[in-house]
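Sequence and predicted structure below; questions after.
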Amino acid sequence: MNFVVLTIFPEMFIPFWEHGIIKRAVDRSKISASTVNIRDFAEGRHHTTDDRPYGGGCGMVMKPEPLAASIRAVKKKQPCSRTVLLTPQGRVFNQKIARTLALSEGLIFVCGRYEGVDERICDSFIDDEISIGDYVLTGGEVAAMVIIDAVTRLIPGVLGGADSAEKDSFSEDLLEHAHYTRPRTFEGTEVPEVLLSGNHKEIEKWRLEMSLIRTFLKRPDLLKNRPVNTQEMEILEKWCLDIRK
Ligand SMILES: NC(=O)c1ccc(NCc2ccccc2N2CCOCC2)nc1
């Protein structure tokens with residue numbers, strides 16, 4: 001998977017590539033990650049990347065030529081990569097979209113600044129418009145980092161145990177069960193007995209139960225469009241009885 005980020009602030013990504021799972025994925029060539037400075041493709045003495053909006057109004061708009069030239073330059077080297085524009089107007093990112101993006105040959109992220117990018121770029125150079133949520137950021141860079149982070153961990157071989165990504169709560173559309181580690185008693189509070197039992201069947205059952213109930217209580221919307229199997233239904237009924245009693 002090749003990640004290329006088009007931005008006027010490439011230095012924002014230097015620390016981003018240098019830590020944790022992303023650094024390990026780069027070091028082990030599971031991903032390649034680089035930035036391209038849009039400013040390098042801007043003409044003129046000042047390499048201007050923005051200009052005043054037609055129709056007037058406050059703020060500036062990203063000029064189409066530097067964006068077009070930088071996207072073309074990357075597409076020439078990676079013709080199979082998808083171009084993604086991070087924008088508040090995009091489809092809202094989630095684990096399902098992360099899984100789809102992880103199947104791509106490569107991803108080219110276009111990070112807008114100022115008031116946004118010239119519409120002619122969106123029409124002719126962008127494959128996917130993605131938003132990381134319904135809020136406004138000063139630029140697309142942080143949104144690109146969120147997507148790169150979520151996609152990288154789904155690439156085979158990136159996470160430790162093969163099943164760690166598959167076992168993700170969101171891979172079953174459930175919230176994660178509670179996690180515990182040593183000490184066994186922390187400030188007077190014990191770890192649930194079942195987790196100390198070594199009975200893996202019981203522990204798996206407890207974890208599914210916790211994920212289900214936690215999802216039911218915190219994010220019932222996730223259960224709305226998710227088929228619940230008989231075992232899960234029994235768990236929900238059992239708990240609902242307890243809750244109602
Ligand atoms: N939710 C998100 O994924 C998200 C992504 C980007 C982003 N900003 C960069 C941007 C990119 C494209 C168009 C407009 C803008 N904006 C520039 C600043 O002004 C508002 C519009 N904000 C939020």
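Received, thanks.

For the ligand, what is the nearest residue in the chain?
Taking CB to the nearest ligand atom as the measure, the chain has residue 112 as its residue closest to the ligand, at 2.8 Å. The way it works is simple: take the backbone N, C-alpha and C, and place the C-beta from them, glycine included.

neighbours around the spatially closest residue to that residue that is not a sequence neighbour, how many?
Leaving aside its sequence neighbours, residue 112 sits nearest to residue 140 (CB to CB, 6 or more residues apart in numbering; 4.9 Å). Residue 140: 28 surrounding residues under other CB atoms under 10 Å.

quick one: residue 140 and residue 9, what's the gap?
10 Å (CB to CB, to the nearest Å).

list residues touching both of those two?
111, 113 (CB atoms under 8 Å, 6 or more residues apart in numbering).

which stretches of this protein form helices?
Along the chain, counting by DSSP state H, helices occupy 14-17, 20-27, 64-77, 95-101, 119-125, 141-152, 163-166, 200-218, 220-224, 230-244.

For the first one, buried residues please.
Put plainly, it is helix 14-17. By neighbour count on 16 or more other CB atoms under 10 Å, the buried set for helix 14-17 is 16, 17.

What of stretch 23-39?
25, 26, 30, 31, 33, 35, 36, 37, 38, 39.

Not counting it itself, show me its contacts.
So stretch 23-39 is contacted by 1-8, 10, 13, 17, 22, 47, 49, 62, 66-67, 70, 73-74, 148, 152, 155, 157-158 (CB under 8 Å, 6+ apart).

and the ligand, which of these contact it?
Among the contacts of stretch 23-39, no residue lies close to the ligand (CB under 6 Å from any ligand atom).

Quick one: buried ones out of the residues you listed?
Burial by neighbour count, 16+ other CB under 10 Å: within those this picks out 1-8, 10, 13, 17, 22, 49, 62, 66-67, 70, 74, 148, 152, 158.

returning to what we had before: CSV please, covering the buried residues of stretch 23-39 and showing distance to the ligand.
Listed next are the buried residues of stretch 23-39 as CSV, based on distance: CB to the nearest ligand atom, whole Å:
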residue, distance to the ligand
25, 23
26, 24
30, 25
31, 21
33, 19
35, 16
36, 17
37, 17
38, 13
39, 17
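
and the gap between residue 17 and residue 24?
Look at residue 17 and residue 24: by CB to CB, they are 11 Å apart.

my bad, residue 140
From residue 140 to residue 24 the distance is 25 Å (CB to CB).

Could you do residue 223 as well?
35 Å.

To residue 176, which of the helices of the chain lies closest?
When these are compared by CB to CB, helix 200-218 sits nearest residue 176, at 6.6 Å.
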